[in-house]
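Visitor: my questions are about this predicted structure, shown below with the sequence.
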Amino acid sequence: MLALVLLIAWPVAELLVAIEVAHLIGVAATIVLLLISMPLGLWLARNQGRVTWQRLGAAISAGRPPGTEVVDGALVLLGGALLIVPGFITDVIGLVLLLSPTRTLARRGLIRNFRSRLVVRASRFGNSGRPYDVDSTATDIDSAQLPR
């Protein structure tokens, strides 16, 4: 349901923002800004992607887990894709994800959210209404002995 609302509300919000920007700076300047965002997004995504790729290689060479570099790579990819999509809201979100200082904040929030969800799901694992064998006392039985 949320996805459907977002699918409908997002283009409407983009259109309303574009109309407001056109009222402030003019229609021609608005169109130019929307057209410039695509090549700018491609260039920024390429540069930031290259930096992230180098950091990923350095982390692997150093023998440490490249978790933050992988998340940075995903955020750079998402930011570049959002800058390619026409619209001012997507451009702002894309720039936030592509610029290194703000991407660091987004990465921290994303990792914190993922960890909290992971802990909640892991704690619910055994509480699905079925008994959970914590002490590993279960034994195998023949299928002939199972009730039918």
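Guide: In hand now; what should we look at?
Visitor: so what does the helix or strand hosting residue 28 touch, helix or strand wise?
Guide: Element membership of residue 28, judged by DSSP states H and E, is helix 27-62. For helix 27-62, the packing partners by 3 or more Cβ pairs under 8 Å, 6 or more residues apart in numbering; DSSP states H and E come out as helix 2-25, helix 67-84, helix 88-98, helix 100-124. Where you see a C-beta, it was placed from the backbone N, CA and C, and this is true even at glycine.
Visitor: try it again with 6 Å
Guide: Where contact means 3 or more Cβ pairs under 6 Å, 6 or more residues apart in numbering; DSSP states H and E, helix 27-62 is packed against helix 67-84, helix 88-98.
Visitor: for the first one, what is the average pLDDT?
Guide: Mean pLDDT, computed over helix 67-84, is 87.
Visitor: touching it from outside, list them.
Guide: 37-38, 41, 45, 48-49, 52, 55-56, 59, 90-91, 93-94, 97-98, 103, 107 (Cβ atoms under 6 Å, 6 or more residues apart in numbering).
Visitor: below-threshold pLDDT in the chain: ranges please.
Guide: By pLDDT under 70, the weakly predicted segments of the chain are 118-136, 138, 148.
Visitor: give me the most central residue, it.
Guide: Nearest to the mean C-alpha position of the chain, counting by Cα atoms, centre = their mean, stands residue 75 at 5.8 Å.
Visitor: picking up where we left off before, check the offset of the helix holding residue 28 from the chain's centre.
Guide: Helix 27-62 has its average C-alpha position 16 Å from the chain's average C-alpha position, going by Cα atoms, centre = their mean, to the nearest Å.
Visitor: so which bits of that helix are buried?
Guide: 30, 33-34, 37, 40-41, 44-45, 48-49, 52, 56, 59 (16 or more other Cβ atoms under 10 Å).
Visitor: how much does that helix deviate in direction from helix 88-98?
Guide: 20 degrees (axes from the mean of the first three to the mean of the last three Cα atoms, to 10 degrees).
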